[in-house]
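Undergrad: just the structure for this:
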Amino acid sequence: MTRDVPELERAVPADHRYRLLEKQVSACIESLAEESDDSRFLRMIVLQIYENMDDGLFLHMLNENFCARWFCGYSLLQVIPSPEEYARYKLRIPAKKLSRLVKQTLGSPVNPDAFVKAMNCVLGDTDQKELQPQEDIFMILIFETNPALAEELVNDPEIDCIDARQREELQILQILSSREHAEAVLSRFPQTAVGLAAGDDWERTYTQARYSFYQQRNGRKKLHRFYDESEENNIQIINLSLAGKRLALEEFLKESRLDDAYAMFEDIAGQLMQKETELHWFQMIHEMVKLYCSLYNGGLHYGDTARFYTDYVDGLTAMEHFTLRQGIAMMRDRLHSFDARAYQEIVTADFSDWANKAREMIETHYAEDLSLGEVARGFGITPEYLSSIFRKSTGRNFKEYLTDIRIENACRLLQQREMKVSDVARLAGFDKADYFGKVFKNRMHMTPGQYQKSKA
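TA: Numbering: from 1, shown residues only. Presented below is the predicted three-dimensional model:
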């Protein structure tokens, strides 16, 4: 169907970008348009996508811009559709027809993100609740790599494939089809778990399809089932009481008690496997991540920093795509490749370094208000970690060592007969003279005054 706007035809420059767009989409519009008004509306949709404008701005531009009027088939004297008329047309257009028009406008190959952006541009100002029920719906399918299934879906004449891509070991397809036909195709592949979800919010739809896939793959739901939002709102969490065992696993690794660590890991893995078919997908991933982190907290992260980043982050990222058995197998391999001797050498060096720094801090600043937490924060480590390595290095805890240094310096000051006991207490780091006297007598088996007289 040709446009009857000869006065504008002559006014639009030969090299204008709308003429290039015209060549790109004219054949598609001619095949889709059923009448002249239909052709104009289709051209309006194309131009709105091309200019990436909302309805209000686009219709204002169409009213004022003669090149836009030429492209859409409106003469200077013709009244363009009202926002309500334009919105009603977009609500009536079949999804497959709109999809074909959008893809032709964007050009080949179609970028799925650009496709979603274009669809949002076209339908963003319409009331989605007023959309008429249509046979064809947009949906996302996720399944483990299966070339035969992917080929069947992509080449099916009743399915409009927007995008097909590979992510890890998963195939992800964005399609437009009737639900019944999609399910009929999938029924021919009963051994392949396929997650399906439909909706106009593609990011949410992808999340729902992935949720559906993992639930099916873990044996909790029948295959090829559409995402059911009611299931998401009724997640049952099973209390496994594994926190104590994970902490024990960490301690065994830190102490290089590998046989005990292996046994504890298998104990935890066994409990998880017993609940494999009962665990919700979300909890299964969460339990695997907690066990994975326990291994690295216990010492698997010591060594080459670059390797740690690669191993740890890659493993954590891949965990989402693992079955429980795959996740446990990966963690078992890493646990058994753990080099306890190298770990102890590094840990010993770490212990010595931090402990020496802490001792130096105490011996230099003993007279100040010094605390374990303050020193640990200054080093950028936790108080618990500093306390542990300090005791292992010195045989005393932080407070005991600080008190010993303060008493040692108090004894030195008391040998100066002119010093008052109260002044000695303050200079040694004690706030109160009576508390100083109590601590001094407990350590030296005499009062500060008695000690001072004995050194006269």
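Undergrad: ok, residue 437 - how many residues close by?
TA: Counted with other C-beta atoms under 10 Å, residues neighbouring residue 437 total 17. Any C-beta I mention is one placed from the backbone N, CA and C, and that applies to glycine too.
Undergrad: over to it. Which of the three states is it?
TA: The three-state label for residue 437, taken from DSSP: H, G, I helix; E, B strand; the rest coil, comes out as helix.
Undergrad: going forward can the numbers begin at 777, since that is how I track them
TA: Fine by me, first position is 777 from now on; the one you just mentioned is residue 1213.
Undergrad: how near is it to residue 815?
TA: 101 Å (C-beta to C-beta, to the nearest Å).
Undergrad: repeat for residue 847
TA: Distance from residue 847 to residue 815, by C-beta to C-beta: 11 Å.
Undergrad: more neighbours: which of those two?
TA: Shown here are residue 847 and residue 815; by other C-beta under 10 Å, residue 847 has more neighbours (27 against 20).
Undergrad: that one contacts residue 794, doesn't it?
TA: Yes: counting by C-beta atoms under 8 Å, residue 794 is a contact partner of residue 847 at 4.6 Å.
Undergrad: which neighbours do those two share?
TA: Common neighbours of residue 847 and residue 794 (criterion: C-beta atoms under 8 Å, 6 or more residues apart in numbering): residue 823.
Undergrad: tell me the contacts of residue 829?
TA: By C-beta under 8 Å, 6+ apart, the neighbours of residue 829 are 837, 897.
Undergrad: so what pLDDT did it get?
TA: On the pLDDT scale, residue 829 is placed at 91.
Undergrad: repeat for the one 4 residues further on
TA: The predicted local distance difference test score for residue 833 is 92.
Undergrad: run a quick neighbour tally on it.
TA: Residue 833: 12 neighbours (other C-beta under 10 Å).
Undergrad: which helix or which strand is home to it?
TA: helix 831-840 (DSSP states H and E).
Undergrad: from the chain's centroid, how far away is that helix?
TA: Relative to its parent chain, helix 831-840 has a centroid offset of 40 Å by C-alpha atoms, centre = their mean, to the nearest Å.
Undergrad: pull out the buried positions in that helix.
TA: 831, 834, 835, 837, 838 (16 or more other C-beta atoms under 10 Å).
Undergrad: run through the stretch 1027-1176 of the chain and note the low-pLDDT ranges.
TA: 1076-1085, 1115-1127 (pLDDT under 70).
Undergrad: so for residue 847 and residue 815, which residues contact both of them?
TA: Counting by C-beta under 8 Å, 6+ apart, nothing touches both residue 847 and residue 815.
Undergrad: in what helix or strand does residue 940 lie?
TA: Using DSSP H and E, residue 940 falls in strand 936-943.
Undergrad: meant to ask about residue 965, not that
TA: Applying DSSP H and E, one finds residue 965 in no helix or strand.
Undergrad: state the distance from it to residue 951.
TA: Taking C-beta to C-beta, one finds residue 965 at 15 Å from residue 951.
Undergrad: the two: which has the busier surroundings?
TA: Per other C-beta under 10 Å, whichever of residue 965 and residue 951 has more neighbours is residue 951, with 24 against 17.
Undergrad: and that one, helix, strand or coil?
TA: On the basis of three-state DSSP, residue 951 is classed as strand.
Undergrad: hang on, it packs against residue 918?
TA: No: at 11.7 Å, residue 951 and residue 918 do not qualify as touching, with contact defined as C-beta under 8 Å.
Undergrad: for the protein, which residue occupies the most central location?
TA: Residue closest to the mean C-alpha point of the chain, counted by C-alpha atoms, centre = their mean, is residue 1093 at 8.6 Å.
Undergrad: what about residue 1059, how many neighbours?
TA: If we define neighbours as other C-beta under 10 Å, then residue 1059 has 16 of them.
Undergrad: how's this protein carved up into domains?
TA: 782-904, 911-1008, 1019-1114, 1120-1230 (automatic domain parsing).
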